[in-house]
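*Asks:* For reference, the sequence and a predicted model appear below.
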Amino acid sequence: MSHEYFVPNVFHRHHRALRALLIDDQAWVVAHDLGPLTNRRIDEHLTRKLDRDQWRFEQLENHQGEVEQALLLSESAVCELLKVNFYHPEHRALRQWFTGEVVPALRAEANPQLPRQRRVAWQGKEYSLMEWQGRIWVRMTDVAELFEGRTP
């Protein structure tokens, strides 16, 4: 990287900000921002519950444009915390938002030429689509299923 700090992307859920970024193609979030989303205090003491490769300290630009040192949690750490250590039924939706929206958005911004997957609901069923080269792509098995119930 050409400078000594990272500039995270900001995502919002329930009017709360979550700063996240990719480092070496891995998703990382600011631990302090995850706290209000989970109603838990997340600080350095939390790292005792995690493997060493699931957390790190980095210099980040904050909301005011100043550089600060922040504890970052990896994608696997976030999922582990939400599923095991901070279990609460609402955290399933938080984890799904994080893995289904935040992480793909980070990767899509970093690699806009790569295909992006998304899910859509149609006629009571969910289908997986791929956006690539300005077009929408659907699996052949899904196309066949769509036309199966159709009457001439």
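*Replies:* Ah, there it is.

*Asks:* what are the ranges of the strands in the chain?
*Replies:* 9-13, 16-23, 26-30, 55-61, 67-74, 116-122, 125-132, 135-138 (DSSP state E).

*Asks:* nearest to V84, of those strands?
*Replies:* Proximity to V84 (Cβ to Cβ) singles out strand 67-74 among these, at 13.6 Å. Where C-beta positions appear, they are placed from N, C-alpha and C, glycine not excepted.

*Asks:* Next, the buried residues of the closest one.
*Replies:* Buried residues in strand 67-74, counted by 16 or more other Cβ atoms under 10 Å: 70-74.

*Asks:* Tell me which of the strands of the chain is the most buried.
*Replies:* strand 26-30 (a mean of 23; mean count of other Cβ atoms under 10 Å).

*Asks:* Distance of the closest residue in space to E109 that isn't next to it in sequence relative to E101?
*Replies:* Nearest non-adjacent residue to E109, counting by Cβ to Cβ, 6 or more residues apart in numbering: N9, 6.9 Å away. Going from N9 to E101 by Cβ to Cβ, to the nearest Å gives 12 Å.

*Asks:* now do Q64
*Replies:* Between Q64 and E101 the distance is 26 Å, computed by Cβ to Cβ.

*Asks:* Settle it for me: which of these two has more neighbours?
*Replies:* Legend: neighbour count by other Cβ atoms under 10 Å for Q64 and E101, higher for E101 (13 against 6).

*Asks:* so L106 sits right up against I23, yeah?
*Replies:* No: L106 sits out of contact with I23 when judged by Cβ atoms under 8 Å, with a separation of 10.2 Å.

*Asks:* Which neighbours do the two have in common?
*Replies:* Counting by Cβ atoms under 8 Å, 6 or more residues apart in numbering, L106 and I23 have no contacts in common.
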